[in-house]
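S.K.: From the sequence below, what's the structure:
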Amino acid sequence: MRNKSGVPGQGTVSADVAAFTRKVGAMARPMGAQDGRLLFALDATMSRQPTWDLAVSLQAEMFRAIPKDSGLQVQLLYFRGFGECRASKWVVDANALAKLMTGIACQGGNTQISKVFAHARTEHAKRRINAVVYVGDAIEENIDDLAAKAGQLGLLGCPMFVFQEGRDTRVEAGFREFARLTKGAYARFDASAPQELAALLKAVAAYASGGKDLLKLQGSGQAQALLAQLPH
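M.R.: Got it, this is the predicted structure:
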């Protein structure tokens, strides 16, 4: 059920990046709010093994985009194997999260996206989650059931930023719907363009920590390129 036979063209990826960052910019929340929380959820089933190391390296980019005193907390959630779905503690250190990720090996199994939604709801009830990032390549559950759970997250004000690896059109339709229902955004995970994915992760982290205003504090040329795509 996993289709990875094609890689999107550079123009398509860039269009997704532009649309995604425009959406993030429009969702800016006020500075000075409580420290942000970002749930980083990953499909760790066997088909993801070739790009797992890339995800490990790129997650650090989320932290590098944020001032150390911002207090952004990130929790890792992953599923794999026969019904295994685990969450880490909330951390504020890129090295701590990277260490957690390097200890995970991908295993065969079906997707457990419903558990991602359930966990996000539980954590959000304890304290607001400002953004959920999900990276995956397949949907092996009932899409209508998942869409209903996504809608519940949307009603709670918990946006989901969905990254798709591969070009399965059914998966894309589902992922786009999850993003729409949660008032989040969708973009394709193109392993051949890791810097674009890193830029997207930075944008989400900046939004979770302080919104569009915090994006302006990023000094890299890549960050400035992102800002140029945001509405004034």
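
S.K.: Quick check, pLDDT for the nearest residue to Val91 once chain neighbours are set aside.
M.R.: Residue nearest to Val91 in three dimensions, not counting chain neighbours: Leu97, with 5.4 Å by CB to CB, 6 or more residues apart in numbering. For every residue, glycine as well, the C-beta is placed using N, CA and C. Note for Leu97: predicted pLDDT of 73.

S.K.: Look up how far Cys85 lies from Leu97.
M.R.: Distance, Leu97 to Cys85, by CB to CB, to the nearest Å: 18 Å.

S.K.: Name the residue in those two with the higher neighbour count.
M.R.: A direct count of neighbours by other CB atoms under 10 Å for Leu97 and Cys85 places Leu97 higher, at 22 against 19.

S.K.: Provide the backbone phi and psi angles at that one.
M.R.: Backbone geometry at Leu97, expressed as degrees, to the nearest 10, gives phi -70, psi -40.

S.K.: For Lys89, see how far away the residue nearest to Val91 is.
M.R.: Relative to Lys89, Leu97 is positioned 10 Å away (criterion: CB to CB).

S.K.: now the helices: where do they sit in the protein?
M.R.: 10-26, 49-64, 94-102, 113-126, 143-156, 169-181, 194-209, 212-215, 221-229 (DSSP state H).

S.K.: lowest-confidence stretch among those helices?
M.R.: With a mean of 42, helix 221-229 has the lowest mean pLDDT of the helices of the chain.

S.K.: residue contacts, Asp43?
M.R.: The contact partners of Asp43, taken as CB atoms under 8 Å, 6 or more residues apart in numbering, are Tyr78, Phe79, Arg80, Thr111, Tyr134, Val135, Gly136, Asp137, Ala138.

S.K.: Was I right to think the residue nearest to Val91 contacts Ser88?
M.R.: Yes - contact status for Leu97 versus Ser88: in contact at 7.4 Å, counting by CB atoms under 8 Å.

S.K.: The spatially closest residue to Val74 that is not a sequence neighbour: neighbour count?
M.R.: Closest residue in space to Val74, ignoring its immediate chain neighbours: Leu38 at 4.9 Å, by CB to CB, 6+ apart. Look at Leu38: counted by other CB under 10 Å, it has 23 neighbours.

S.K.: and what of the one 4 residues further on?
M.R.: Other residues lying near Leu42 total 24 when counted by other CB under 10 Å.

S.K.: Which strand residues bridge the residue lying closest to it once chain neighbours are set aside?
M.R.: When the adjacent residues along the chain are set aside, Leu42 lies closest to Tyr78, with 4.6 Å between them (CB to CB, 6+ apart). Beta bridges link Tyr78 to Leu42, Arg86 when assigned by DSSP bridges.
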